[in-house]
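**Student:** Curious how this folds, go ahead:
(2 chains)
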Amino acid sequence: GNSVTQMEGPVTLSEEAFLTINCTYTATGYPSLFWYVQYPGEGLQLLLKATKADDKGSNKGFEATYRKETTSFHLEKGSVQVSDSAVYFCALSDPLSTYDGGADGLTFGKGTHLIIQP
Amino acid sequence: NAGVTQTPKFQVLKTGQSMTLQCAQDMNHEYMSWYRQDPGMGLRLIHYSVGAGITDQGEVPNGYNVSRSTTEDFPLRLLSAAPSQTSVYFCASSLSGGRTDTQYFGPGTRLTVL
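**Tutor:** Numbering: from 1, shown residues only, chains lettered A, B, ... in the order given. The predicted model follows:
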């Protein structure tokens, strides 16, 4: 079956530090990969995504590259801010349904709690 | 656009009570789904729907029922609540549920079962 593994944290960094959150996956097909972010008290929102090998997703200074050879999708940011404090989820979409387009939903990692201190 | 809306935001139930969590979207998305979020577990898929009149089970469907009579609405029913169903519930929607689709999440319902 499909699975996503990510560091759980909490990860505590100082403002302007470099961030890496590791994510590796197992999938039966050719998944798309996502990073979602959850701010306190809110739902999840898409941060970035990549839909095929070697694609790089980027948004708000965050980047992640889809590495098929290492089955990884690590999240990076060069200089974090206090406002980046949140829980970050790595996820994959690998539909197995018989319906056209497939629709088995997302498989999530357990989430990484990131704390940025001023 | 309001996006994905969920009601109520908080709910406390006693064991054995029933209730319905409401979810609606105004983006004309065909695909809708329900997840539960538990500490240290990430999000797990409960049920999903690829269109009006079509539903299917996800990873953890036991104890939950769904129906999809309209494109906009996808309610989740707990017929006899149990303490194990204490969780935060998120509804999500996407255009078609396809591999590359972005899922849009509602703000969540925090449910406590005593």
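
**Student:** residue contacts, A:Thr26?
**Tutor:** A:1-4, A:71 (CB atoms under 8 Å, 6 or more residues apart in numbering or on different chains). Just so you know, the C-beta spots here come from the backbone N, C-alpha and C atoms, and that holds for glycine as well.

**Student:** closest to chain B among these?
**Tutor:** A:Val4 (7.7 Å; CB to the nearest CB).

**Student:** returning to that earlier point: only whichever of the contacts of A:Thr26 are buried, select them in ChimeraX.
**Tutor:** Under the burial definition 16 or more other CB atoms under 10 Å in any protein chain shown, those of these that qualify are selected in ChimeraX by:
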select /A:2,4,71
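
**Student:** Please flag which of the contacts of A:Thr26 sit within strands.
**Tutor:** Among the contacts of A:Thr26, the ones falling in strands (DSSP state E) are A:3-4.

**Student:** Touching stretch A:59-69 from outside, list them.
**Tutor:** By CB under 8 Å, 6+ apart, the list of residues contacting stretch A:59-69 from outside reads A:23, A:33, A:35, A:47-48, A:50-58, A:73-79.

**Student:** Which residues of chain B lie near chain A?
**Tutor:** B:4, B:31, B:33, B:35, B:40-45, B:48, B:50, B:54, B:56, B:58, B:90, B:92, B:96-108 (CB under 8 Å from any CB of the partner chain).

**Student:** Show me how far stretch A:57-69 is from its chain's centre.
**Tutor:** 9 Å (CA atoms, centre = their mean, to the nearest Å).

**Student:** which stretches of chain B have low pLDDT?
**Tutor:** Within chain B, no range satisfies pLDDT under 70.

**Student:** swap that for chain A, sorry
**Tutor:** For chain A (pLDDT under 70), the answer is A:95-104.

**Student:** In contact with residue 32, which residues are there?
**Tutor:** I'll assume chain A. With the criterion set at CB under 8 Å, 6+ apart, A:Ser32 makes contact with A:49-52, A:92-94, B:99-100.

**Student:** Please refer instead to chain B.
**Tutor:** B:23, B:25, B:48-49, B:68, B:74, B:91-93.

**Student:** Can you say which of those are buried?
**Tutor:** B:23, B:25, B:48-49, B:68, B:74, B:91-93.

**Student:** Select from the residues you listed every entry located in strands.
**Tutor:** Per DSSP E, the buried ones among the contacts of B:Met32 map to strands at B:23, B:25, B:48-49, B:91-93.

**Student:** and the residue of chain B nearest chain A?
**Tutor:** Closest point on chain B to chain A, by CB to the nearest CB, is B:Gly97, at 3.0 Å.

**Student:** before we move on, back to that, just the buried subset of the contacts of A:Ser32, please.
**Tutor:** A:49-51, A:92-94, B:99-100.

**Student:** Output these in CSV; the columns should cover distance to A:Glu42.
**Tutor:** CSV is the format used below for the buried ones among the contacts of A:Ser32 (distance: CB to CB, whole Å):
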residue, distance to A:Glu42
A:Lys49, 19
A:Ala50, 24
A:Thr51, 25
A:Leu92, 22
A:Ser93, 22
A:Asp94, 26
B:Arg99, 26
B:Thr100, 24
